[in-house]
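>>> need coordinates for the following:
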Amino acid sequence: ERDFRSLHEALSELKVTAFEHPLARLSDEVARNWAPPTSKPLRFIGRELFEHAESDTSEIDAGVRSLIGCVQVSDLCAFLKDERTGFIDESLFHANVRGHLGIQNPVNRDIAATLRSNDNKRFFCLNNGITVVCEKYLYQSGGFPVTLHRPQIVNGRQTAETIFGSYREDPTATEDVVTF
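Residues are numbered from 1 along each chain as shown. Model (predicted):
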């Protein structure tokens with residue numbers, strides 16, 4: 001809070017205003033205002049699924065839930081695919097602040113090279129994953145897939161698009177790779 005006050009004071013000299021929004025509110029607003037009313041299944045693997053539920057008495061954070069897990073590239077690509085066009089579902093990125101930088105971007109080139117390498121099983125350890133926010137998610141107790149309502153990828157677009165492109169080029173080379 002002290003840091004925010006200091007920032008606010010410094011910006012006021014420049015006649016600029018700063019706003020602070022809790023992450024839960026941002027997540028709710030993104031899912032509600034940007035995402036089309038769709039539901040998509042996403043299949044997690046293994047028993048490493050971690051769910052965190054936080055109930056707060058404040059209106060903003062009431063009922064915030066998080067789900068963290070591993071996904072095979074083949075399942076992620078099924079989630080990313082627009083069934084009507086066969087290409088990546090652009091509606092998943094409406095709330096993302098950046099567009100795809102393309103495969104010529106050095107980082108994306110390295111992501112693709114890792115996916116195609118003989119050492120691609122290490123991809124999970126070399127990549128920081130993809131963040132999806134949604135209005136709600138549902139699954140059967142102990143069962144998969146998880147159904148995400150109004151999903152939006154807010155972090156990891158470069159990773160998601162590069163994985164999708166690499167998988168389309170050669171599904172057998174990347175299908176067993178796991179991401180976070």
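>>> pull the contacting residues for the spatially closest residue to Phe79 that is not a sequence neighbour.
Among residues not flanking Phe79 along the chain, Leu42 sits closest, at 4.6 Å (C-beta to C-beta, 6 or more residues apart in numbering). (C-beta placed from N, C-alpha, C; glycine too.) Residues in contact with Leu42, defined by C-beta atoms under 8 Å, 6 or more residues apart in numbering, are Val71, Asp75, Leu76, Phe79, Val132, Pro145, Val146, Thr147, Leu148, Pro151.
>>> dihedrals phi and psi, Leu42?
phi -140, psi 120 (degrees, to the nearest 10).
>>> beta partners of it?
For Leu42, the beta-bridge partners under DSSP bridges are Val146.
>>> mind checking how far it is from Ala160?
Look at Leu42 and Ala160: by C-beta to C-beta, to the nearest Å, they are 12 Å apart.
>>> okay, and the common contacts of these two?
Going by C-beta under 8 Å, 6+ apart, residues that sit against Leu42 and also against Ala160 are Leu76.
>>> can you give me the neighbour number for the nearest residue to Phe180 once chain neighbours are set aside?
The shortest distance from Phe180 to any non-neighbouring residue, by C-beta to C-beta, 6+ apart, is to Gly129 (3.5 Å). Neighbours of Gly129 under the rule other C-beta atoms under 10 Å: 16.
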